[in-house]
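Engineer: predicted model and sequence follow; I will ask about them next.
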Amino acid sequence: MTKIKYKALGLLVGLLGGMVASAIVRKVWEFTPGHDEAPEAIDTRRSWSEILTAAALQGAIFAVIRAAVERATAASAEKLAGDQPGAEVKRQQEEEAAKK
């Protein structure tokens, strides 16, 4: 798989992953008592602890979804192309280093 195709696929899958992560954050926050949605950082009616908890939760969910999406995309690309993403670039770098 060429680098451009892999980047395009990664962008598309990344956008879908972001939408999934946003939906998960909304659903998780619905379980908190008294609130239907996660607070925005600029909402001064909410406490610091509530804002920071929401940010930490959102960050953790996005990080896990991103890692899962990137891993699945790389594994799928490897199965389709028979080579790891970026392997061609790595080979070229190794060849250039060997010449020196």
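Structural biologist: On my side now, so go ahead.
Engineer: residue 6 and residue 16, how far apart?
Structural biologist: 16 Å (Cβ to Cβ, to the nearest Å). Heads up, the C-betas are built off the backbone N, CA and C, glycines and all.
Engineer: the two: which has the busier surroundings?
Structural biologist: Between residue 6 and residue 16, counted using other Cβ atoms under 10 Å, residue 6 has the larger neighbour count: 17 against 12.
Engineer: all helices of the chain, in order?
Structural biologist: For the chain, applying DSSP state H gives helices covering 3-30, 48-81, 87-99.
Engineer: any chance of these in JSON lines, plus distance to residue 40 and mean pLDDT?
Structural biologist: Putting the helices of the chain into JSON lines (distance: least, Cβ to Cβ, whole Å; pLDDT from 0 to 100) gives the following:
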{"stretch": "helix 3-30", "distance to residue 40": "12", "mean pLDDT": "86"}
{"stretch": "helix 48-81", "distance to residue 40": "8", "mean pLDDT": "88"}
{"stretch": "helix 87-99", "distance to residue 40": "40", "mean pLDDT": "75"}
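Engineer: how many neighbours does residue 78 have?
Structural biologist: 14.
Engineer: report how many residues lie close to residue 4.
Structural biologist: 8.
Engineer: could you check how far it is from residue 11?
Structural biologist: Counting by Cβ to Cβ, the gap from residue 4 to residue 11 is 11 Å.
Engineer: residue 10: what's it in contact with?
Structural biologist: By Cβ atoms under 8 Å, 6 or more residues apart in numbering, the residues touching residue 10 are 70, 73.
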